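**Student:** Sequence first, predicted coordinates after that:
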Amino acid sequence: MKRRALNRLGLTIFALAFTVLQFGPAHAAVQPSFDTIRVQDGDVARLYQASILWTPLVLPLPDGSAWSFFTAQLKLPTEPGADPTLSNFKVFASRFDPASATWSPATALPGEISFGPTGVVDSQGTVHLVYTIRANLDPASFGSMVYIKTTPEGGWTGPTLVAASETAGHQLSPDLAIDANDGLHIAWQDQRSVTDEQRAADASNADVFVSDLNPDGTWSEPVQLSERTAESVSNSSRPKLLADGERLVAVWSIYSPEIGLESATHIEWSTRPVSDAAGWGEPQMMFDQGETLIGGRFLDAEANAGGDIAVVYGRRTATENQLYLQRLPSGTSEWSEPSLIAAGNRGSYPNIALGGDGALYIVYNLVDSGLSVQVGAISVAPGETSAGAEVALTIGEEGQQGIAAVSVGATGRVWVMYLHELPGKPSPTEARVLRGALVESLPVVAVEAEIPAAATPEAEATQKADLRAIAHTLYGQTVAASRGQ
């Protein structure tokens, strides 16, 4: 059923179920040259298959260097002429040296199976990283979060478990935040509040938790943010954690058993003082599903040192995606009204970054013609609710490019990391980095979204089938991968 529905749309999975409608051409700025990340396995270079299940990560440092992280499988040689075998998923790390302007060969971080990195940089330039590891793909082997950080000598500390518990089950989708005093806080989803049967049945049976790194290097007792009662069996997923001055803000997706992984039913949020681990307020609804697909990897959130908080999210229909922006002004408890910043065949897998001046940068998958997928980008100036001209960052590169991550360095340089797929190949084969992406926030460009015409009952049934296939592709793969399926 899924294959037939996707074939009706005429799209590949990497194209992320976009139609070929276009609302205004992308601005054709010629970008600087990109860097390709090579992978080292022992003392040899290896081909690899980058995973689209987890967004890569690029972290600029104050000294002009940077670290990049991505999840991939090595292509291990077998017999001459035979296809290579794929290794387990691994998190790979590469460092950019500003003196030589080169990236080191990426090497695997500790963990037999590892995936899903999240990281921050403190005021001293130390990189803090959390990701999930598994011992093996046996159903009794659950994913556990580990924490590492860079050392003054340029290496990494040994991994230590984060908020470990015998009942935690799969610990997935971690998101690190750092406050103004370099305090570390983490949000994630795990299964310590579900039954043994629910834990064994599906990794998506989970709730959202938060913990803080104590001065002695231990993690505080997890606090559950999402509510689970006997009457409510909804699941919570993919939290975003943000530091805003003297408070923390968390945003997460809620899923129901009736809809499953097709879409979140709504998005919730809560806040607490940085200094009060138990001070979380009652969860509040930010927005609901309506007649669209929302939540999960359709949403990203970011904060900067000035206390700005922004959430960018998609609303996906059977014919288009609409990308919205909401802000939470520092010290307030009211989100701004949603602002439409992009629409059409663009906006899936949004990833955002806030500059020190409050400028917002958004990258996403953009279908520029037919099935060609590129990395699209827009920027919103401080105080504005509309973005500047859209830029296709990867025009001129063969194949398809997508699943991008964006960061802004101390000098305002925009770093974009993304995955590259060769023409005719089913999966990305390279991780690439664009240093100094050119994206303008002014002048603003108005966006208009067309309202789809009312469908006949037969067409509506087909659209619903298509949406189910799209949703299971977008939301189901990470859960399946976490279980070794």
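**Tutor:** That came through fine.
**Student:** Helix, strand, or coil at the residue of the chain most remote from its centre?
**Tutor:** No residue in the chain sits farther from the centre than Pro80, which is 37.6 Å out by C-alpha atoms, centre = their mean. Three-state call for Pro80 (DSSP: H, G, I helix; E, B strand; the rest coil): coil.
**Student:** quick one: average pLDDT of stretch 64-76?
**Tutor:** Per-region confidence: stretch 64-76 scores 98 on mean pLDDT.
**Student:** ok, now stretch 449-463?
**Tutor:** Mean per-residue pLDDT for stretch 449-463: 45.
**Student:** repeat for stretch 143-163
**Tutor:** For stretch 143-163, the per-residue pLDDT averages 97.
**Student:** gap between the two ends of that stretch?
**Tutor:** 12 Å (C-alpha to C-alpha, to the nearest Å).
**Student:** Please report phi then psi for the nearest residue to Pro382 once chain neighbours are set aside.
**Tutor:** Spatially, and ignoring its direct neighbours in sequence, Pro382 is nearest to Gly358 (3.5 Å; C-beta to C-beta, 6 or more residues apart in numbering). (Glycine included, C-beta is placed from N, CA and C.) Dihedral pair for Gly358: phi 90, psi 0, per degrees, to the nearest 10.
**Student:** so how far is Ser379 from Gly358?
**Tutor:** 11 Å (C-beta to C-beta, to the nearest Å).
**Student:** So which of the two has more stuff around it?
**Tutor:** For Gly358 versus Ser379, the count of surrounding residues by other C-beta atoms under 10 Å is larger for Ser379: 26 against 17.
**Student:** element containing that one, please.
**Tutor:** Remark: Ser379 resides in strand 372-380, with elements defined by DSSP states H and E.
**Student:** And for Ala278, the neighbour number?
**Tutor:** Residues lying near Ala278 (other C-beta under 10 Å) number 9.
**Student:** Then the one 10 residues further on?
**Tutor:** Neighbours of Asp288 under the rule other C-beta under 10 Å: 12.
**Student:** Okay, and the beta partners of it?
**Tutor:** His266 (DSSP bridges).
**Student:** give me every residue that touches it.
**Tutor:** 265-267, 294 (C-beta atoms under 8 Å, 6 or more residues apart in numbering).
**Student:** pLDDT wise, what is it at?
**Tutor:** 96.
**Student:** before we move on, what about Glu79?
**Tutor:** 88.
**Student:** What's the separation between Gly245 and Gln326?
**Tutor:** Relative to Gln326, and taking C-beta to C-beta, Gly245 is found at 18 Å.
**Student:** Please say which of the two ends up with more neighbours.
**Tutor:** Higher neighbour count among Gly245 and Gln326: Gln326, with 20 against 16, using other C-beta under 10 Å.
**Student:** For the more buried one, give the beta-bridge partners.
**Tutor:** Beta bridges link Gln326 to Val311, judged by DSSP bridges.
**Student:** my guess is it meets Glu337, correct?
**Tutor:** Yes. Assessed by C-beta atoms under 8 Å, Gln326 is found in contact with Glu337 at 7.4 Å.
**Student:** show me where this protein has helices.
**Tutor:** 2-9, 196-201, 457-482 (DSSP state H).
**Student:** Now the shortest one: buried residues?
**Tutor:** Translated: helix 196-201. 198-199 (16 or more other C-beta atoms under 10 Å).
**Student:** could you measure Glu112 against Val44, distance?
**Tutor:** 20 Å.
**Student:** Which of these two has more residues huddled nearby?
**Tutor:** Each of Glu112 and Val44 had its neighbours counted (other C-beta under 10 Å), and the higher figure belongs to Glu112 (13 against 9).
**Student:** Find me the pLDDT at that one, would you?
**Tutor:** Taking Glu112 on its own, its pLDDT is 97.
**Student:** Likewise for Ser330?
**Tutor:** 86.
**Student:** Pull the contacting residues for it.
**Tutor:** Per C-beta under 8 Å, 6+ apart, neighbours of Ser330: 244-245, 306-309.
**Student:** Buried subset of those as a PyMOL selection?
**Tutor:** Only the buried entries of the contacts of Ser330 go into this PyMOL selection, using 16+ other C-beta under 10 Å:
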select buried, resi 244+245+307+308+309
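**Student:** of all the contacts of Ser330, which comes closest to Ser100?
**Tutor:** The shortest approach to Ser100 among the contacts of Ser330 belongs to Gly306, at 33.1 Å (C-beta to C-beta).
**Student:** Identify the residue nearest the closest one in space, chain neighbours excluded?
**Tutor:** Spatial nearest neighbour of Gly306, chain neighbours left out: Gly358 (6.3 Å); criterion: C-beta to C-beta, 6+ apart.
**Student:** residues contacting the one you found?
**Tutor:** Contacts of Gly358 (C-beta under 8 Å, 6+ apart): 304, 306, 308, 382-383.
**Student:** Okay, now the unreliable bits of this structure?
**Tutor:** For the chain, the stretches with pLDDT under 70 are 1-29, 230-232, 369-371, 450-485.
**Student:** and if we set it to 50?
**Tutor:** By pLDDT under 50, the weakly predicted segments of the chain are 1-25, 451-485.
**Student:** Could you double-check that Leu76 lies in contact with Asp83?
**Tutor:** No. Leu76 is beyond contact range of Asp83, at 10.4 Å (criterion: C-beta under 8 Å).
**Student:** correct me, but Ile259 touches Thr265?
**Tutor:** Yes. Between Ile259 and Thr265 there is a contact under C-beta under 8 Å: 6.2 Å.
**Student:** Give me the common contacts of the two.
**Tutor:** The contact sets of Ile259 and Thr265 overlap at Gln289 (C-beta under 8 Å, 6+ apart).
**Student:** quick one: the strands in the stretch 201-350 of the chain?
**Tutor:** Using DSSP state E, counting those that start in this stretch, the strands of the stretch 201-350 of the chain run over 207-212, 223-224, 235-244, 247-255, 266-273, 284-288, 299-303, 309-316, 321-327, 339-344, 346-354.
**Student:** Listing partners with orientation, what would you give for the first one?
**Tutor:** Right, strand 207-212. Here, using DSSP bridges, strand 207-212 pairs with strand 184-190 (antiparallel), strand 223-224 (antiparallel).
**Student:** Name the nearest residue to the spatially most central residue of the chain, sequence neighbours excluded.
**Tutor:** Central residue of the chain (C-alpha atoms, centre = their mean): Thr55, 4.7 Å from the mean position. Leaving aside its chain neighbours, Thr55 sits nearest to Ala405 (5.4 Å; criterion: C-beta to C-beta, 6+ apart).
**Student:** which residues does that neighbour bridge with?
**Tutor:** Applying DSSP bridges, one finds that Ala405 bridges with Met417.
**Student:** need the contact list for Ser253.
**Tutor:** By C-beta under 8 Å, 6+ apart, the neighbours of Ser253 are 236-238, 264, 267-268, 294-296, 299.
**Student:** Out of those, grab the one that's most surrounded.
**Tutor:** Ala264 (29 neighbours).
**Student:** could you measure that residue against Ser87, distance?
**Tutor:** For Ala264, the distance to Ser87 - C-beta to C-beta - is 33 Å.
**Student:** and what of Pro152?
**Tutor:** Pro152 sits at a distance of 31 Å from Ser87 (criterion: C-beta to C-beta).
**Student:** Show me which of those two is the more surrounded one.
**Tutor:** Using other C-beta under 10 Å as the criterion, Pro152 and Ser87 rank with Ser87 on top: 17 against 8.
**Student:** Please look at that one and Ser51 and confirm they touch.
**Tutor:** No. Using C-beta under 8 Å, Ser87 is not in contact with Ser51; the gap is 11.6 Å.
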